[in-house]
Every structure is written in structure tokens, then in C-alpha cells.
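Asker: Need the 3D shape of this:
(one chain, ligands or ions: 1)
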Amino acid sequence: MLNITVCARFRPLNSKERRNHNDSVCIRRTDSESFILKDEKEDDFTFSFDRVFYEESKQADVYKFLALPIVRDAVNAINGTIITYGQTGAGKTYSMEGPGILECDEQKKGLLSRAVYGLFDSIKSSDEAIKHTIKLSMVEIYMEKVRDLFDLSKDNIQIKESKLQGIILPRVTEITVLDPAEALQSLSSGIANRAVGETQMNMASSRSHCVYIFTIHQELHKDRRVKSGKLILVDLAGSEKVEKTGAEGRVLEEAKTINKSLSALGNVVNAVTCGLQGKLNHIPYRDSKLTRILQDALGGNSRTALLCCCSPSTSNVSESLSTLRFGARAKHIKTSPCVNNSEDECGRKLRTPSPTKDESCDRILNKLKERLNVGDVKLLEELLILEGIIFNPHLDEEMESACEDLTLQTIASLEQAMEELLSTVEELKKENSALKAKIVAAEKSDALYEEAGKASSFVETISGMITFFRCWLGHSCDKMLEWES
Ligand SMILES: Nc1ncnc2c1ncn2[C@@H]1O[C@H](COP(=O)(O)OP(=O)(O)OP(=O)(O)O)[C@@H](O)[C@H]1O
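Answerer: The predicted model follows:
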């Protein structure tokens, strides 16, 4: 078991912090491993880490201490993870990428380009009988979705756990890179696809957690044994106090999602480091995409290093304090890195409950296969699994992916049903308005009919009156004629 390496890094005061006359540096150096931080109430907090990098520290020093041993191990099939953590604008991306990936002053190159050169250098100096291949993937976790930065059409990549390889991203794009220049070119195109926005704290703030994955395969020509190591670099999005940064709209939504996943990360670190000796406690890795992707790094098969980036300014002291407390807690995490052999001895050691029992059952089943027919042996194997005598290595994985598939299918059919319902509602709305139009038309024609009725009875009355008047006139004429005669 190995403790993770934790370092703190303080960037120089920025121009805004320098302009603010009430601002000053909140740390007092003790040595290269410890310092004292003074908070707003003038209380002192002493912190010790594996190494502290102060304002004048060089990118090369950070790489040599924090990353180089992990990079070398990855070429020897030992998984490694390097994470930058801290408040927004604290220097995580600067430490990881430097001011730029392709065109950058040699001294300012970040961990990423140094790791690329480190990998190829280590390969060059390793046994010539071994053939190495480096594959590169890049994803970002943006608004709780894993997006492939080499193929933006893959915008919701699932995270799976394999018994042999640990956490994997099954459909992610992998680019084989043959030399450092090719690797840097690919990294640059992936970085260009990252979600970046302007916040009050940082002109180019990362709005996502970015994960760079190098898989280094090695093949020994003699016996064609294959080993592979994974080197993962993670540039986390920055935590921020939204009331302080004045985030609004989309930026606010992003900040809330980022803070939520970082607090899930904090919960995992607490659960991993609070476990009672010898007892298994629940670690909430599945609470966020970030913690699930970092599962191996936070207690599994990985050598891990964490760089806690801080502003040295008194105006950011409470954020720095919380970053440093996170780092101090993470120092207690223990991981179990080991060489990933082709037979995956280490994977089996970590994950399979009773390998010896399984192996002996395998031997017996193979012997029986020679004498009995295949159907009988299969039946026996199923019975052994059913009784829990042997372990079915595919069961958990299959169950998990079957459940996931079922959930996805259910969601898809519910979505389809909802779409159908929506289109029925639309049709009904149309029918309804057509009916309303008809009723209005009918009402109009009724009114006309009534008017016509009224008019015709009026005409009838008039004609009656005319008939009466005619009769009366005829009668009166007759009378007058009578009188005259
Ligand atoms: N060690 C350093 N030396 C010089 N400049 C630095 C250093 N660290 C950070 N900076 C500068 O500070 C600014 C913010 O840094 P950066 O973008 O790395 O922050 P961040 O922690 O990644 O923030 P966010 O989480 O918002 O992405 C940048 O302009 C960067 O160049």
C-alpha cells in the first residue's frame, strides 16, 4: 500500500490582487514541506505536504517531483494518476498545460507536455526487445456528462468497471501517437474542444474536468507477453463561491455542477480515509462521474499524485484553506499500485474473492471435459456457480451492463412514449381548434337564421297588415260607392 503524493502550489499574486492595497500574502514559509497560513481572523494553520511549491517555483521542479516517477512507472505497466485541484484561477490549468501546448516557452511548459516527452524518453531508454505503443484519449466531464474531446458526437460516454482493467470508458476514441510532436498536436486539438468560459476570477476558466488518458502497451517479442499501464492526468474545474464570483445564468449552472462534483470528491476522500481498520465501508464512488472515473486513483490500482493549487492572497484565504484541508485529508489515502501483467495477477489479487478455489475448480472441469460430454460439464459448471462454489468473473460485469442496458432501453421507450403522447396532444389540440371554429361558424349561422326568422315574421306581420289594410280599403271603397249610389 502506498500513500498518495500531495503537494501544494502557490501561484504569484495576480495584477488584480496586487492592485488591491489591502491585499497581502497569507502564508509564511517554514521549509520546502511546511508553511503557516493566516486566515481572516488572524488564526494560524500549519500545513505539511510532500513538497510545497512557492510563487517562484519552476514548472520543471513540479514535474520532476510530482510526475516524473509516475510517468516512468506507467511505461513499466504501473497505472498512475496526476490531479490538479483548487479554487478557480488558482493555477491548475497553468500547472497542467502551461500557457499553451504547442507554442510555449520551454521553461513554462506544463506537466502535460513534459509527461509526453517523459513517456517517449522512458520508452527510448527501455529494453529494445519490448515494443511499446502509446494510445491517447481525452474526455471532459461537463455538466455531469462525459464528452469525447476527439469526437464531439460521443457526448455521453458510459463509465464501466472491468474486473481486469479497472475503470474503463468503452466507446472512447483512442489515437495512437508515434512521437511527442504527434501527441502534442492531438492534445492541442482536444484542448480546443474543451468548455472554457470567462468568469470574474479567471478570463479563461475551465468549465469542465478534463481527463487525459495515455495507455502504454508493451509487447515482449520473445513470448508475446503483453502488459499495459495507464497514465491519467486530470485538470479539475475550479471550485468557486458563487456569491463571491457573481456567477449568473449558464455560468452559475456550470459552477453549481462543478461544486457538486467536487463535494462528491470530498465525500469519497472522507469515506476512503475514515474507514475503520480492517472493515469495509461504503465509498460513494458512483455519486458523480468524476469520482467514478477517479475510482482507481482514490484507493485502487494506481500510483497517485495531487497538486493543490492556491492563490497566496489574503482575499482568497478561505478558499485556499479549504483546498489545503482537502489536500491534508487526501494525504491519508492509500492505493495499491502493481504491475499489470498479461494474466493480470494484480487485478485478480485485488478483485477475485477466491482465486485458488476457482483455479482448482477450473482444473477439475477441464479434466471432466476430457471424459464427459460438453453439455454435462457446462451443467456442472453452472451448478458450481449457482452454489457459490466457484466465482463467475463475468457475472458482476454482465449484470451491471445488463442493468444499464435495461435502464437505457426503458428510458428510450419512455422517451418514445412521451414523444407519441406529445404528438397525440398536438393532434388533439388541432382537432379541438377545428371543432371550435366549426362551432363558431355554426353559432354564426344560427344567429343569421334567427335574424332571418325575425325578418320573415316581420314581413309576415307587415303583409298581414297590408292584407288587412287592403280588405279595409276594399270594404271602405264599397261603402263609399254604396253611399254615392
Ligand atoms: N505559477 C504561475 N505562474 C504564473 N502565472 C500563473 C501561475 N499559475 C497561474 N497563473 C496565471 O493565473 C491565471 C489563472 O490560472 P489558471 O487558468 O491556471 O487557473 P485555474 O485554476 O485553471 O482556473 P479555472 O478553474 O477557472 O480554470 C492564468 O492567467 C495563469 O497564467
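Asker: Which positions in the chain make contact with the ligand?
Answerer: Contact residues (CB under 6 Å from any ligand atom) of the chain with the ligand: 11-12, 14, 86, 88-94, 99, 202, 204-206, 237-238, 309. Every C-beta, even on glycine, is put in place using the N, C-alpha and C of the backbone.
Asker: Which of those fall in helices?
Answerer: Among those, the members found in helices (DSSP state H) are 92-94.
Asker: Could you list which residues are in contact with the closest residue to the ligand within the stretch 101-250 of the chain?
Answerer: Proximity of the stretch 101-250 of the chain to the ligand (CB to the nearest ligand atom) peaks at residue 238, 2.5 Å away. Shown in contact with residue 238 (CB atoms under 8 Å, 6 or more residues apart in numbering): 86-90, 92, 201-202, 205-206, 258.
Asker: Now name the helix or strand holding the closest residue to residue 80 other than its chain neighbours.
Answerer: Using CB to CB, 6 or more residues apart in numbering and skipping the chain neighbours, the partner closest in space to residue 80 is residue 70 (3.6 Å). If you go by DSSP states H and E, residue 70 is part of helix 68-75.
Asker: Summarise which helices and strands that helix is packed against.
Answerer: Where contact means 3 or more CB pairs under 8 Å, 6 or more residues apart in numbering; DSSP states H and E, helix 68-75 is packed against strand 80-86, helix 111-124, strand 209-220, strand 225-235, strand 303-310.
Asker: Any idea which of these gets closest to residue 161?
Answerer: With CB to CB as the criterion, residue 161 lies closest to strand 225-235 of those, at 13.9 Å.
Asker: end to end, how far does stretch 34-49 reach?
Answerer: Distance between the two ends of stretch 34-49: 6 Å, counting by CA to CA, to the nearest Å.
Asker: returning to that earlier point: let's have the contacts of residue 238 in JSON lines, adding distance to residue 135, pLDDT and neighbour count.
Answerer: Shown next, in JSON lines, are the contacts of residue 238 (distance: CB to CB, whole Å; pLDDT from 0 to 100; neighbours: other CB atoms under 10 Å):
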{"residue": "86", "distance to residue 135": "29", "pLDDT": "95", "neighbour count": "28"}
{"residue": "87", "distance to residue 135": "33", "pLDDT": "94", "neighbour count": "24"}
{"residue": "88", "distance to residue 135": "31", "pLDDT": "90", "neighbour count": "24"}
{"residue": "89", "distance to residue 135": "33", "pLDDT": "92", "neighbour count": "26"}
{"residue": "90", "distance to residue 135": "31", "pLDDT": "95", "neighbour count": "27"}
{"residue": "92", "distance to residue 135": "25", "pLDDT": "96", "neighbour count": "27"}
{"residue": "201", "distance to residue 135": "35", "pLDDT": "69", "neighbour count": "22"}
{"residue": "202", "distance to residue 135": "32", "pLDDT": "68", "neighbour count": "21"}
{"residue": "205", "distance to residue 135": "30", "pLDDT": "77", "neighbour count": "23"}
{"residue": "206", "distance to residue 135": "24", "pLDDT": "83", "neighbour count": "26"}
{"residue": "258", "distance to residue 135": "28", "pLDDT": "92", "neighbour count": "26"}
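Asker: which one of these sits closest to residue 251?
Answerer: Of all the contacts of residue 238, residue 205 has the smallest distance to residue 251: 8.6 Å, by CB to CB.
Asker: Quick check: the closest one touching residue 90?
Answerer: No - with contacts counted by CB atoms under 8 Å, residue 205 stays clear of residue 90, the gap being 10.8 Å.
Asker: hang on, residue 217 packs against residue 132?
Answerer: Yes - if you go by CB under 8 Å, residue 217 and residue 132 touch, sitting 6.9 Å apart.
Asker: ok, back up a step: which pLDDT value belongs to the residue of the stretch 101-250 of the chain closest to the ligand?
Answerer: On the pLDDT scale, residue 238 is placed at 89.
Asker: how near is it to residue 273?
Answerer: Taking CB to CB, to the nearest Å as the measure, residue 238 falls 23 Å from residue 273.
Asker: Outside of stretch 26-39 itself, list whatever touches it.
Answerer: 8, 10, 44-52, 54, 312-314, 317-318, 320-321, 324.
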